[in-house]
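**Student:** Any chance you can model this:
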Amino acid sequence: MTRRERLERKIERRQEWAAKRQASASAVLNNRPAYASDWAFITQPGHIPARARLIAREEHAYRDMDIAAHHKEKAAGIQTQLDRAIFSDDSDAVEAIEERIKANEAKREQMKKVNALFRKGDAEGLAALGQNYAHLKAIADDPRTVSWRRQPYPAYRLQNLGQRISGDKKRLEAIKAQQSRTAEAAATENGVTIKEHQCGAESYTSVTFAEKPDYNILRALKDAGYRWGSGQWFGLTAKLPACISELVSKVAA
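**Tutor:** Residues are numbered from 1 along each chain as shown. Predicted coordinates:
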């Protein structure tokens with residue numbers, strides 16, 4: 001199950017929980033007994049068991065409504081994350097990141113072009129790009145405008161965009177490498193590859209599975225001090241669990 005699928009399942013569970021709480025609250029609040037609106041019943045002094053039970057039921061119903069709203073809010077937050085995020089195990093992760101890099105690079109070039117035209121005072125060129133030179137000039141010449149804001153796009157915005165592009169390019173290479181390792185594991189008989197890596201005097205082993213293995217295998221890796229990252233398990237060769245060694249012969253790095 002991919003991360004996107006797990007989050008989609010979380011949304012479904014949150015929505016189910018919200019629906020149950022909402023239904024429970026509605027069953028109480030929409031079926032109040034007739035005497036619940038009787039002013040004499042409400043204001044009569046002393047302890048009245050029926051009134052106490054009614055108050056307790058309605059307080060519980062309102063708590064259910066609050067919890068239902070909480071689950072709905074959480075589900076909406078996860079949905080927003082799904083709409084915006086690109087997960088490394090998405091089937092179209094490479095294409096999506098490449099498209100985002102291309103869009104951000106085009107945006108950066110557009111911003112640079114607008115700044116250059118503004119410095120030249122090219123009103124016609126700016127108009128062709130949907131910018132109003134007079135308006136931009138008025139902002140830049142305003143004495144209240146700080147120095148770094150005296151052009152349409154400040155340097156920090158270009159730098160931030162450049163860092164996002166650089167980060168996406170690094171992530172793209174990491175995803176491609178991860179997919180390559182997973183494909184290599186899928187091509188083996190047991191769906192797993194084990195590679196040794198020498199780092200100074202220590203020998204480390206990376207374990208890559210084509211599919212998520214059984215819980216017992218994952219538990220053995222964790223107990224041996226292996227850690228998950230970039231689509232593989234990594235730890236000391238000397239502590240490699242026997243159950244992993246039995247799956248496949250080691251492949252030279």
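
**Student:** and the host helix or strand of Lys72, average pLDDT?
**Tutor:** Per DSSP states H and E, Lys72 falls inside helix 49-84. Helix 49-84 shows a mean pLDDT of 95.

**Student:** So this protein: which segments form each domain?
**Tutor:** Taking automatic domain parsing as the reference, the chain has its domains at 3-84, 93-178, 189-245.

**Student:** can you give me the strands in the stretch 51-200 of the chain?
**Tutor:** 192-199 (DSSP state E, counting those that start in this stretch).

**Student:** ok, Trp228 to Pro143 distance?
**Tutor:** To Pro143, Trp228 is 56 Å away according to Cβ to Cβ, to the nearest Å. All C-beta spots, glycine's among them, are computed from the backbone N, C-alpha and C.

**Student:** So for those two, which sits in the more crowded spot?
**Tutor:** Legend: neighbour count by other Cβ atoms under 10 Å for Trp228 and Pro143, higher for Trp228 (12 against 4).

**Student:** picking up where we left off before, least reliable of the domains of the chain going by mean pLDDT?
**Tutor:** When the domains of the chain are compared by mean pLDDT, domain 189-245 comes last with a mean of 89.

**Student:** That one: how far from the chain's middle?
**Tutor:** Counting by Cα atoms, centre = their mean, to the nearest Å, domain 189-245 is centred 26 Å from the centre of its parent chain.

**Student:** which strands and helices sit next to the helix holding Lys72?
**Tutor:** Under the contact criterion of 3 or more Cβ pairs under 8 Å, 6 or more residues apart in numbering; DSSP states H and E, helix 49-84 touches helix 3-29.

**Student:** Isn't Ala155 up against Trp148?
**Tutor:** Yes - counting by Cβ atoms under 8 Å, Ala155 touches Trp148, with 6.6 Å between them.

**Student:** tell me which element Gly225 falls in.
**Tutor:** If you go by DSSP H and E, Gly225 is not part of any helix or strand.

**Student:** Make sure Trp228 is indeed in a helix.
**Tutor:** No - per DSSP: H, G, I helix; E, B strand; the rest coil, Trp228 lies outside any helix segment and is strand.

**Student:** That one: what's it in contact with?
**Tutor:** Shown in contact with Trp228 (Cβ atoms under 8 Å, 6 or more residues apart in numbering): Phe234.

**Student:** how close does Glu95 get to Phe41?
**Tutor:** Taken as Cβ to Cβ, the span from Glu95 to Phe41 is 66 Å.

**Student:** which phi and psi does the spatially closest residue to Ala224 that is not a sequence neighbour have?
**Tutor:** Using Cβ to Cβ, 6 or more residues apart in numbering and skipping residues adjacent in sequence, the residue nearest Ala224 is Lys239, 4.4 Å away. Dihedral pair for Lys239: phi -100, psi 10, per degrees, to the nearest 10.

**Student:** hang on, the earlier thing: more crowded one of Glu95 and Phe41?
**Tutor:** Phe41 (15 against 11).

**Student:** what about the more buried one, distance to Tyr62?
**Tutor:** 20 Å.

**Student:** cool, His47 as well?
**Tutor:** Counting by Cβ to Cβ, the gap from His47 to Tyr62 is 22 Å.

**Student:** More neighbours: the two, which one.
**Tutor:** Taking neighbours as other Cβ under 10 Å, His47 and Tyr62 compare with Tyr62 leading, 12 against 7.

**Student:** Ala18 versus the more buried one, what's the distance?
**Tutor:** From Tyr62 to Ala18 the distance is 15 Å (Cβ to Cβ).

**Student:** again with Thr188
**Tutor:** 44 Å.

**Student:** In terms of neighbours, single out the busier of the two.
**Tutor:** Applying other Cβ under 10 Å to Thr188 and Ala18 shows that Ala18 carries more neighbours, namely 21 against 16.
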